[in-house]
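Chemist: Have a look at this prediction, sequence included:
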There are 2 protein chains.
Amino acid sequence: MNYRQSLSNYYIKYNSILCMGMDPILSKIPVQENDTKKKIYCFYEEILNEIVKTKKYPACVKPNYAFYARYGFPGLEALYDLIKLYRKNDLPVILDVKRGDIGTTAEAYAEESFDFFEADAVTLSPYLGHDSIEPFTKKYENKGFYILCKTSNKSSGELQDKMIDGKPLYLVVASYLSSWDNGGIGAVAGATYPDQLKAILDEFSKSGKVLPLLIPGVGTQGGDLEAIVKTINAYDISLHRINASSSINFAYEKNGGNFAVAAANEIDKLNNEISKIIGN
Amino acid sequence: MNYRQSLSNYYIKYNSILCMGMDPILSKIPVQENDTKKKIYCFYEEILNEIVKTKKYPACVKPNYAFYARYGFPGLEALYDLIKLYRKNDLPVILDVKRGDIGTTAEAYAEESFDFFEADAVTLSPYLGHDSIEPFTKKYENKGFYILCKTSNKSSGELQDKMIDGKPLYLVVASYLSSWDNGGIGAVAGATYPDQLKAILDEFSKSGKVLPLLIPGVGTQGGDLEAIVKTINAYDISLHRINASSSINFAYEKNGGNFAVAAANEIDKLNNEISKIIGN
């Protein structure tokens, strides 16, 4: 089963296109525990337990490597164990690492993500061209590869919007992605740029394909959920994933109560909002 | 002391512009040891001992994160210890991580590189624009930041050579780098593209600056050492670093003998070749 099929299957299984970002910030984790590894692990373990208990599932999760690596080995050990734990509970893991390097180095990074961490998908940077993507797609046929296309941040346009023969760079990247696709290639497209996100899907359509989008930027970053959901609903919604990190992870800050209950409720709320928009 | 001054100082101290890449490949390490961490650590420890004993110094070293991360925690622990060891012996460390992410994530990555690993410099990707660079340059004023400009691999032109208003993307990046510079910004420019490397230095000149280059691609990748050295010699050679990884690390494969002796001799040979070209 290739990655695209797996996306559709999990959409059906959980009736969700939500991706729960897992970006730990120690000072915000209300777990009484001094050990960094245990503190991070327990936080996301409790959230998972609540998800399973209440069946308020996202379609997948996305730990961001940086938020673990900043805490050194205890952070990375928590990441390693959490990937295993979530996958054991049948939640696919997108490891957000944004790797991008020349061929032999890309091979090593692919081994890191898929052989060591055993992720289901990764994020990658396109700046080095297909040399840096192929070592991933060739060896790991059934994994997912989300390549940065139009990112959610303010300065993303400095390079990504530059016009090349009448086409912005992010669409040049999008057209490469269609040609590199092995059944597992997708794109990162920020919710903060809804028009550009639609343009990316239109660019894919030219090759007769719908490549899966990973969409950060709703919630704290301010992307318009309704506009995004309406757009992707016209392009096989089962393939796309909308990510929310801190608005789920730290929902207790806004809504009070137990952090795990608050997180699961926020997942449920977002799932319901999305279902309403698509009229499910 | 800012990074640029430190580059000049180490050039004087070691009479070298050579950067020794440290890219371990377990199957090529002739150390009788089953423990992965010890095997990698001992390999580079013996090379360092030989460097110190014979005074055949490079100007700095550059471990590539991927080659450690592929071996999981034992690899990363070796990386951590080796950074400490080389810095204790007054060899600056460029941590080759090619990070590139949005602001809050970039902050976390900067902490990883400088607070956890305690590197002297890092490599970064420009695809997300200045949001992804500033968290590094603002907080870590005396560190070095090499941003991918024109990479050494075959497919680098797919994005990097695309023309934008008559200027290739890699030169658009170069002109951004001049404007982002805080005294620590440099560029990665592959030796396999000597004309483009010169164009990058010319682009920097427009702002009256020489930004330091990190130059991979000589040795195994086939870049022309003489052409590169002649070019950078016209732009304050003390600031630039030419990297060679496997040709030094595994010099014993070609030249025979003890691996540490072969590596130190290869460093010496490259240092001498460079000195000859610049007429020192």
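Modeler: Yes, it's here.

Chemist: use CA for all of it now, contacts and neighbours both
Modeler: Will do.

Chemist: three-state assignment of residue A:97?
Modeler: On the three-state scheme (DSSP: H, G, I helix; E, B strand; the rest coil), residue A:97 is labelled strand.

Chemist: Report the contact partners of it.
Modeler: Residue A:97 sits next to A:64, A:65, A:66, A:122, A:123, A:124 when contact means Cα atoms under 8 Å, 6 or more residues apart in numbering or on different chains.

Chemist: what does the stretch 1-150 of chain A put close to chain B?
Modeler: Within the stretch 1-150 of chain A, the positions near chain B by Cα under 8 Å from any Cα of the partner chain are A:66-67, A:69-73, A:98-103, A:105-106, A:108-112, A:116, A:125-131.

Chemist: let's go with 7 Å and repeat that
Modeler: A:66-67, A:69-70, A:72, A:98, A:100, A:102, A:105, A:108-109, A:111-112, A:116, A:127-131 (Cα under 7 Å from any Cα of the partner chain).

Chemist: Just want the phi and psi numbers for residue A:150.
Modeler: Residue A:150 has phi and psi values of phi -120, psi 110 when expressed as degrees, to the nearest 10.

Chemist: What are the boundaries of the strands in the stretch 1-150 of chain A?
Modeler: A:18-22, A:60-63, A:94-99, A:121-124, A:144-150 (DSSP state E, counting those that start in this stretch).

Chemist: could you pull out the helices for the stretch 151-280 of chain A?
Modeler: Assigned helices in the stretch 151-280 of chain A, in chain order: A:157-160, A:169-180, A:194-205, A:225-233, A:246-249, A:251-255, A:259-278 (criterion: DSSP state H, counting those that start in this stretch).

Chemist: now swap in the stretch 1-150 of chain A and tell me
Modeler: Under the criterion DSSP H, counting those that start in this stretch, the stretch 1-150 of chain A contains helices at A:3-14, A:36-54, A:65-69, A:72-88, A:103-110, A:134-139.

Chemist: and residue A:39, how many neighbours?
Modeler: Residues lying near residue A:39 (other Cα atoms under 10 Å in any protein chain shown) number 21.

Chemist: so for stretch A:131-143, what's the average pLDDT?
Modeler: Summarised as a single mean, pLDDT over stretch A:131-143 is 97.

Chemist: whoops, I mixed them up, stretch A:165-180
Modeler: 97.

Chemist: Can I get it in CSV? Just the C-alpha atoms.
Modeler: Taking Å, rounded to 0.1, in the frame of the first residue of the first chain, the C-alpha atoms of stretch A:165-180 are listed here in CSV:
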residue,chain,number,x,y,z
ASP,A,165,9.1,33.0,-16.5
GLY,A,166,5.8,34.3,-15.2
LYS,A,167,5.6,31.6,-12.5
PRO,A,168,6.4,31.9,-8.8
LEU,A,169,9.1,29.7,-7.5
TYR,A,170,6.7,27.7,-5.2
LEU,A,171,4.8,26.7,-8.3
VAL,A,172,8.0,25.7,-10.1
VAL,A,173,8.6,23.5,-7.1
ALA,A,174,5.0,22.2,-7.3
SER,A,175,5.5,21.2,-10.9
TYR,A,176,8.8,19.4,-10.1
LEU,A,177,6.9,17.5,-7.3
SER,A,178,4.4,16.1,-9.9
SER,A,179,7.3,14.8,-12.0
TRP,A,180,9.2,13.4,-9.0
